[in-house]
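**Student:** let me see the structure of the following:
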Amino acid sequence: MDSSIKKWIKQADHDFQMAKEIVEDGGYDTCAFLCQQAAEKYLKALFISKNEKNAPKTHYLDELAKLVSSPTEIVDLTKDLAADYMISRYPDASNSAPCEEYSETDAQDRIEKAQKIIDWVKKQLQ
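**Tutor:** Reported below is the predicted structural model:
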């Protein structure tokens with residue numbers, strides 16, 4: 001596996017591990033953001049693997065998923081995580097501050113969705 005791909009995966013794995021750990025401290029908004037980031041980095045690693053060029057500089061997960069020929073189920077999961085890129089970080093992106101926007105249930109939902117995307121990408125990279 002290309003060293004560039006390995007770096008994307010290493011950082012994605014780190015982001016995802018931190019997402020899971022921060023739930024215990026009530027960082028549900030940060031968990032959501034890190035899940036989005038982990039999914040994005042895995043999709044970019046797959047893009048690099050398939051296209052042998054740098055991934056596009058985008059945070060639109062559904063676009064990335066389509067670029068790597070993801071099935072509809074994966075594209076749908078990316079759409080669910082996509083909004084978290086903004087809502088989990090910016091107080092003016094929704095009706096409340098990010099730290100008030102997310103619950104533990106929301107965080108667990110994002111972990112499950114990110115895990116499904118990550119598992120699918122890993123199978124494609126084999």
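**Student:** how far does the lowest-mean-pLDDT helix or strand in the chain sit from the chain's center?
**Tutor:** Every helix and strand of the chain was ranked by mean pLDDT, DSSP states H and E. The lowest is helix 84-87, at a mean of 89. Remark: helix 84-87 is offset 11 Å from the chain centroid, using Cα atoms, centre = their mean, to the nearest Å.
**Student:** show me what that helix packs onto, helices and strands only.
**Tutor:** helix 28-51 (3 or more Cβ pairs under 8 Å, 6 or more residues apart in numbering; DSSP states H and E). For glycine as for every other residue, the C-beta is placed from the backbone atoms N, C-alpha and C.
**Student:** alpha carbons only: can I get the helix it packs on in PDB?
**Tutor:** The C-alpha coordinates for helix 28-51 follow below in PDB (Å, rounded to 0.1, in the frame of the first residue of the first chain):
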ATOM      1  CA  TYR A  28     -20.700  14.600  21.700                       C
ATOM      2  CA  ASP A  29     -20.200  17.500  19.200                       C
ATOM      3  CA  THR A  30     -16.500  16.700  18.900                       C
ATOM      4  CA  CYS A  31     -17.300  13.000  18.400                       C
ATOM      5  CA  ALA A  32     -19.600  13.900  15.500                       C
ATOM      6  CA  PHE A  33     -16.900  16.000  13.900                       C
ATOM      7  CA  LEU A  34     -14.200  13.400  14.300                       C
ATOM      8  CA  CYS A  35     -16.500  10.700  12.900                       C
ATOM      9  CA  GLN A  36     -17.100  12.900   9.800                       C
ATOM     10  CA  GLN A  37     -13.400  13.400   9.500                       C
ATOM     11  CA  ALA A  38     -12.500   9.700   9.900                       C
ATOM     12  CA  ALA A  39     -15.000   8.800   7.100                       C
ATOM     13  CA  GLU A  40     -13.700  11.600   4.900                       C
ATOM     14  CA  LYS A  41     -10.100  10.500   5.300                       C
ATOM     15  CA  TYR A  42     -11.000   6.800   4.600                       C
ATOM     16  CA  LEU A  43     -12.800   7.900   1.400                       C
ATOM     17  CA  LYS A  44      -9.900  10.000   0.400                       C
ATOM     18  CA  ALA A  45      -7.500   7.100   0.900                       C
ATOM     19  CA  LEU A  46      -9.700   4.900  -1.300                       C
ATOM     20  CA  PHE A  47      -9.800   7.700  -3.900                       C
ATOM     21  CA  ILE A  48      -6.000   7.800  -4.000                       C
ATOM     22  CA  SER A  49      -5.800   4.000  -4.200                       C
ATOM     23  CA  LYS A  50      -8.200   3.900  -7.200                       C
ATOM     24  CA  ASN A  51      -7.000   7.000  -9.100                       C
END
